[in-house]
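Enquirer: Got a predicted structure plus its sequence, pasted below:
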Amino acid sequence: MSCSFLARSFALAASCAVLTAFAPHEHGDSKSEFKVEKPVVFLDKAPAIVKFQLGRLSNEQLLLVDRATSHPKFIPVFEAILGRPKMLANFRSESVSALVVLRKTNEPTEILTAIERLDPEKNPGVLPELARLLVTQNTNTLKKVRPMLEQSAGKDSPSSVRSAALAALVTIESAERMWAFVQSEPSGATALIQSLTFVADPIKRAAYYPKLAPFLTSEAISATRAAAINAASRMPGHEMDAFLALTKLIQAGVNAPECARALAQIPKDKWPAEQLPALADGLLAAAKKTPEADRTQNSFLDLQQLAQDIAARLPKENGVAVRKSFAALGVAVLRLRTLHEQMLFDKSLLVVEAGKPFEIVFENTDEMPHNWVLVSPGAADEIGTAAEKMSPTPDALGRVHVPNSQKILQATKMLNAGESLRLRCTAPAKPDKYPYLCTFPGHSLRMRGTLLVVDDLEKYLATTTTEPEPTFTEWKLDDLVPSLAELSKSRDLARGKELFTSTGCISCHRIGKEGVDYGPNLSGVFIKYKNDGKAVLTEIMTPSKNIEPRYRAHSFQPKDGESFTGFILDEKGSDITIQTGPSDALIQKVPKNSIASREAQPLSLMPAGLLNLLSKDQILDLLAYLKSVAR
Amino acid sequence: MHSMKMLLKYFFTLCFATAATAAPALLEFKPGDNVAILGGALADRMQHHGWLETFIHAKHPNHKLVFRNLATSGDEVSTWHRSENFGSRNDWLGRVNADVVLAFYGYNESFKGDAGLDKFKTDLDKFLKDSKASKFNGKGAPQLVLISAIAQEKHTDIDLPDPTVNNAHLKKYTAAMGEVAKTNGVPFVDLFAVTEKLYAARGPSLTVNGHFLTEAGDKVVASALFSALFGAAPASGKLEALCAAVVEKNKEWHARYRTVDGYNVYGGRSKLSFPTSKEKGAPKITNFDVMQQEMAQRDAKTANREQRVWAVAKGGDLKVDDSKLPAVSTFESNKQDIKPFLSGEDTINHLTAAKGCKITLFADEKQFPELVSPVQMAFDTKGRLWVAAWPSYPELKPTDKVFDKLLILEDTNNDGKADKCTTFLDGLNCPTGFQFYKDGVLVMQAPDVWFVRDTNGDGKADTKERVLMGMDSADTHHTTNAMTYEPGGAIFLSDGVFHRTQVETAWGPIRNSDGCIYRFEPRTGRLERYTPYGFANPHGHVFDNWGDDIITDATGNANYFAPAFSGHVPYPNKHKNMKQFWNRPSRPCPGTGILSSRHFPDEFQGNFLNLNVISFQGIFRAKMSQDGSGLKGDNLEDLVKSDISKVPNFRPSAIEVAPDGSLYFIDWAKELIGHMQHHIRDPNRDKQHGRVYRITYEGRPLLTPVKIDGEPIEKLLAALKTPEDSVRLRAKIELSKHPAAKVAAATKKWAAGLDKSDPSYEHHMMEALWVHQWQHVVDEDLLKLMLKSPEPRARAAATRVLCYWRDRVKNPLDLLSQQIKDKDPRVRLHAIRACSFFQTPKAAEIAIEAAAFPEQETDYYLKYTLDATLKTLESVK
């Protein structure tokens, strides 16, 4: 649950006064003494020394350093906040405003200066955020500084500054004028096309399709073509044209992996069915050209991934042929990703041949830690339960939440957001269905899949066309709110109760005697929200929006060992009481002085997409069940 | 023991008054009572001295009392720092069926000062209540007696610390104990007041170092304790025979309760199992199975010696009979294909030395059968080679008749071959490390470090004293080893994983879990964690000619630039992972050296020598150079390599430069070496071989050994100009036999007379500063001079001296704020490191000044060290 029953919005001091220390939990009703200690920072030292000191601080510590618009010595503090990865957007905005006051400049100038200060190698994630901050400035503000933006968009600017400035100009100029503007020098068109990724408005973006289309050919200059391929995938209204152009490039053997990646971004319902066989052939040809040694690399896997998605949409025989052809390339590499905010693997079925070696590329593309644990047939529940009861102490291989059991056949370490690893395995000798799961506390009930071990992979492929994928709907609040009226009618409460378990709610929440006390107790949740179904639904669908202090996840870096995540239950005295998973056994006291650093996590431990596996009817049944237990 | 009579005289004049008041007995024994003793070093040492038990047995000759000392140096009432699966305090009180518990607490606790008093009282109260509610003997509540710490003595040795502050705390803690004991109705003995009076009588020191009682001190304090317990003075008369029997029994008990290799006897690796024969499907046997049978033998041997104690207490005697010990299982080796050994001479045919170098045999087991499994080596000031022999590896069996030894090998006719071997010290178990100190030698004898001397000059040890207690040995394979001097006279102890070391010092208990290098000042008794780090088995630690050190973790042969990760880190924190400075070709490494000898050509000078014993069995050689603030190493031609197919048992384990400039190295000489891959008691563990080889450079003359032993101060100072590191080290060891004040005065004169145009002038001056440090005499002017030396390495070395003199010079932080701005990165690194030792935020403000230099962002070691220092200082308010 979204943990926000008692949450209040954080009051932020006005930017002109000295901003008091940001302590997210001081507004909570909880009596916990949560406090990251204010660091000692000497701001009156030489610039290099000040920069060094601020550079060492975590985001949370940095926000505790005094800052005000009353003295220029605070400039480095605002600059540091502005350039930090994973900084909440409101602090970036605040810092821009403060720098404007301190240096008597304007917002776009400060943002572009901040972009210029970035080290793109170290923090590639900050540039898009600052660019977004720039393009979402008030149009009039941007228009006022047009000459400055135009200058920053020139060829002498660093490419990051240039991209952001061009994106800002795109939001205030017509496509024609912009196109003319960049013609003054050869790299201009490329830079403009690249900048489109920063343009938030899809209509503005789409206006450039006619401009970039000529570059989607094998004759085009490669840098411009690469930019155009990337931009072509996000052009509402031009999906068909883009699809055809990208397919042609693949057929010509030009930038095939990049094109495959771009094609995968185009919504599948826009894929022209009649083009799919030709595209599949093109992919196969490109794949065959890939040297065998490189066939475990990402660029090859991109081709393979797209081919499989296409095969699933081809007539059975064609699909089988495509899959067999790819399988014949002889490298069994399975790519498995995690779905963003869904608490799911992207594939619920992987197929390998008994006794044969294969390689799994596991990429955690979610914001939460996940692992991949392959277990003996029928052992998923046992291992999942055992893992959740473990304290996050690494085993001999440095893995957390991996029980010592012979039923575990393979297990990766816990991957943090954005991490990936490759694991070479040999398939079990006995054909069977081997479950895999994520054993991070709270995940194992829901986050599962099957490794199907078959005697003869070729035979299997010849008889099976589609691989089941989790089918889900990316529900938005507005899709569901109109139907909430139906809650008052009679609904299938038994099914709602079942869904409470199968959707995984029960892994973290309690209703009556069932479930666990990890997230908030949901008995009576509708009463708390005054029977407002929309409020409850909002909490489920945007769990990170308001987080009650008690349920704010913190990541802890012990002085010795792997980091772990948990809730702070109490921190009076010299210990902190931390709950690291959905079991009372995982409540532990840790001496404060054993923790090197800790950081409050911006995201709730509950992912936003938990309802996406359900139909509207099912969601209503689940809500009705929650409502029924409130009575 | 001429001082004993004097002491007793003082004691009795003092304490007759106490005895005359004849308080009622606090304790009454029933026949057959089992007495458990708990506490820190005071109680721990009592088992080795034996007087308390002796006095009690003498008073109860028919009681057949059983004493089991469960004390461990460093213990507190609420701590129990032991290796995995050792068993809790209550487990052990149950195992010994304690009817009576004598609990000695308060010393280690007192270092928490006023802030810790309340918690101490709470903990003590809980301990007393819990114990009273327990039935350790299975029948009823134990009789408890609570006994305070002794006062800390103002020792006659001026190098030892002033006890004033500690005693103020001890006094409060003693009072607190009295209160808690009273509210719980538990008898209490105040040894603090007793010892304060004894010290005030100004007799000879009762302690070794201010807080460890000497054997004579133990007798006096045990007597006072006895009087307090029983309301009457102990029996007079000759109790030496009884005491000897008690000590003999305790020795066996100590070997059982504090057995070395605990991780393999009861901990994690005791579970490893091995087939009992090569037959298919043969049953398996674990380390635990066998080692617990050995523990049963130790129990039986202890009981046998107890019988003798009872017999002697009654005025008779008894011959100890160990013929009926419980059986220990036998089994076959899991490594059957052991290749027959070639002789030491023939082995050389399968060794290849670097171009120009020649290997000859210095000594082997054929000539000296006691030369088996050499583990560490060093040349003494007489130029003799000392070797620690460890035939019992991994450790002694209860029934072993051959013990580990400290041997002295001599080449009396200078033909390059040993012709004499003397056993300096016998009866040892796992002598993993030793180092010369003053007129004796410090020897690692887990869990203690002994200071052993030969006082009558017969070449054999005759006195020993435990000077450090509590170096854990949960895995003997990496028990404290590589005992190395820094140029300023501190000794370093390397300790590996699984260990739970806790050492009692006058600065409080020092604890660590798993690997750590410790820094020990033998003169003051100060011990610190030097490099607490996630080491597996650190086996190599060497200092270069400017006093910077290299630490090698054996398992991965990971070599580290030590100044960067030896700043202060508060317990239990450790240093973060650090990069290795050299891409070593292979692993593992049991020992290292630095080649400093003009017998070898220039390109060998300063080479890092790294011994390797699996897959490559030989000696690597790396060229060292400064890399920013740190070091880098580049591979050179191997110094020694071997043909493993011919001599699989060739395992070079330590290397030293001899007084004549040649290199000596020892050969562990085993084919089967794994302590995890094979059963601890695998019958194919070799107990018969060991070699010492010598490397000379053909066509270059040997050096004329510099005479050190017995030389006057001036000659020894002159020897400090010698380019060979080992000669200067031996000269400083010899200097420490002379009175510090005289040495310091002579050093100042020597330094003043040095030729400033000598290219090595700054190094000589640095030696003058190191001599002062070694002698524990501060010369602030000399320090300040060297902090501004034109030679950056001297400035760096002086900054390190400043770090260790921080409590004894004026305004040390002002001096550091100068060093932090030094243009040389190595100097800044030492200054940043030194800042970590100051308990004030001001130190952080000084340390960050290093960030003004652009290299701070790019230099790995500067970054690492500044980060470590600031992390430490962030916890300082």
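Expert: Yep, it's here. Numbers count the residues shown, from 1 in each chain, chains lettered A, B, ... in the order given.

Enquirer: Show me the domain layout of the chain.
Expert: By default, I'm working from chain A. Per automatic domain parsing, the structural domains of chain A span A:208-330, A:332-463, A:477-543+A:606-628.

Enquirer: please go with chain B instead
Expert: B:2-237, B:239-330, B:344-697, B:721-874.

Enquirer: Is it possible to get a markdown table of the ones you listed that adds mean neighbour count?
Expert: Using the backbone N, CA and C atoms, a C-beta is placed for each residue, glycine as well. Shown next, in a markdown table, are these (neighbours: other C-beta atoms under 10 Å in any protein chain shown):
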| stretch | mean neighbour count |
| --- | --- |
| domain B:2-237 | 19 |
| domain B:239-330 | 18 |
| domain B:344-697 | 21 |
| domain B:721-874 | 20 |
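
Enquirer: Those domains into CSV, with extra columns for distance to A:Gly378 and mean pLDDT?
Expert: Listed next are those as CSV, based on distance: least, C-beta to C-beta, whole Å; pLDDT from 0 to 100:
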stretch, distance to A:Gly378, mean pLDDT
domain B:2-237, 34, 92
domain B:239-330, 29, 96
domain B:344-697, 35, 97
domain B:721-874, 48, 97
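
Enquirer: For chain B, which of the domains of chain A is the nearest?
Expert: domain A:332-463 (10.0 Å; C-beta to the nearest C-beta).

Enquirer: Are that closest one and chain B in contact anywhere?
Expert: No: using C-beta under 8 Å from any C-beta of the partner chain, domain A:332-463 stays clear of chain B, with a minimum separation of 10.0 Å.

Enquirer: Would you mind measuring the gap between the ends of that domain?
Expert: Domain A:332-463 stretches 19 Å from its first residue to its last (C-alpha to C-alpha, to the nearest Å).

Enquirer: now swap in stretch B:836-847 and tell me
Expert: End-to-end for stretch B:836-847, by C-alpha to C-alpha: 8 Å.

Enquirer: what does stretch B:773-786 give?
Expert: Stretch B:773-786: ends 13 Å apart by C-alpha to C-alpha.

Enquirer: Looking at stretch A:114-123 now, give me its mean pLDDT.
Expert: Average pLDDT, stretch A:114-123: 88.

Enquirer: mind saving the C-alpha coords of it as PDB?
Expert: Provided in PDB are the C-alpha atoms of stretch A:114-123 (Å, rounded to 0.1, in the frame of the first residue of the first chain):
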ATOM      1  CA  ALA A 114      24.500  23.800 -14.800                       C
ATOM      2  CA  ILE A 115      24.400  21.600 -17.900                       C
ATOM      3  CA  GLU A 116      27.800  22.900 -18.900                       C
ATOM      4  CA  ARG A 117      29.200  22.000 -15.500                       C
ATOM      5  CA  LEU A 118      28.000  18.400 -15.800                       C
ATOM      6  CA  ASP A 119      30.300  15.600 -16.300                       C
ATOM      7  CA  PRO A 120      28.200  13.500 -18.800                       C
ATOM      8  CA  GLU A 121      30.400  10.500 -18.300                       C
ATOM      9  CA  LYS A 122      29.800  10.400 -14.500                       C
ATOM     10  CA  ASN A 123      26.200  11.200 -14.400                       C
END
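
Enquirer: if we can go back for a sec, can you check which of the domains of chain A gets nearest to B:Ser645?
Expert: domain A:332-463 (32.3 Å; C-beta to C-beta).

Enquirer: distance between that closest one and the chain's centre?
Expert: Taking C-alpha atoms, centre = their mean, to the nearest Å, one finds domain A:332-463 lying 20 Å from the centre of the chain it belongs to.

Enquirer: which residues does the residue of the stretch 451-600 of chain A found nearest chain B contact?
Expert: Nearest residue of the stretch 451-600 of chain A to chain B, counting by C-beta to the nearest C-beta: A:Lys559, 4.3 Å away. Going by C-beta atoms under 8 Å, 6 or more residues apart in numbering or on different chains, A:Lys559 touches A:Ser594, A:Ile595, A:Ala596, B:Pro572, B:Asn573, B:Lys574.

Enquirer: Roughly how far does it sit from A:Ile595?
Expert: Relative to A:Ile595, A:Lys559 is positioned 7 Å away (C-beta to C-beta, to the nearest Å).

Enquirer: circling back to that earlier point, out of the domains of chain B, nearest to A:Glu498?
Expert: So among these, domain B:239-330 is nearest, using C-beta to C-beta, at 44.7 Å.

Enquirer: Which residue, other than its chain neighbours, is closest to the residue of the stretch 201-350 of chain B found nearest chain A?
Expert: Chain A sits closest to B:Gly268 of the stretch 201-350 of chain B, with a gap of 10.0 Å, by C-beta to the nearest C-beta. Distances taken as C-beta to C-beta, 6 or more residues apart in numbering or on different chains place B:Glu84 nearest to B:Gly268, at 5.6 Å, with adjacent residues excluded.
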